[in-house]
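In: make a model of this:
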Amino acid sequence: MCLEFSHVDNPLLAQAYDTYSFNAIPAIGALVANDAPSYRYLVESIRKFPDREKFAAMVEDAGFRRVTAEPLMGGIVAVHAGLKI
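Out: Numbering: from 1, shown residues only. Next up, the predicted model:
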């Protein structure tokens, strides 16, 4: 099992989440860790991560079975699970 950031399905939520992610997260990183660039990279890397379906296919290709991907919080995150037989 793993919990990963994912791709938001609802266009309105996606727009709000993108605005938050690209503006608030780096600003918080700058205040808390004095490191906005690392938090910008984090947001950018989340966008490059495969969507739920593609990641589930990758997990299956790696030999896992009963693969599931359960979106949470409108798709902002997803719990991925699989069984290695």
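In: quick check: closest non-adjacent residue to residue 37.
Out: residue 26 (7.7 Å; Cβ to Cβ, 6 or more residues apart in numbering). Every residue, glycine included, has its C-beta placed from N, CA and C.
In: mind listing what that neighbour touches?
Out: By Cβ atoms under 8 Å, 6 or more residues apart in numbering, the contact set of residue 26 is 36, 37, 39, 40, 43.
In: what's the pLDDT at the spatially most distant residue from the centre of the chain?
Out: Here the chain reaches farthest from its C-alpha mean at residue 85, the gap being 26.3 Å by Cα atoms, centre = their mean. Per-residue pLDDT puts residue 85 at 81.
In: okay, it and residue 67: tell me how far apart.
Out: Distance, residue 85 to residue 67, by Cβ to Cβ, to the nearest Å: 11 Å.
In: low-confidence stretches in the chain?
Out: Counting by pLDDT under 70, the chain contains no low-confidence residues.
In: strands of that one, start to end?
Out: In the chain, the strands defined using DSSP state E lie at 2-5, 64-72, 77-84.
In: cool, thanks, signing off.
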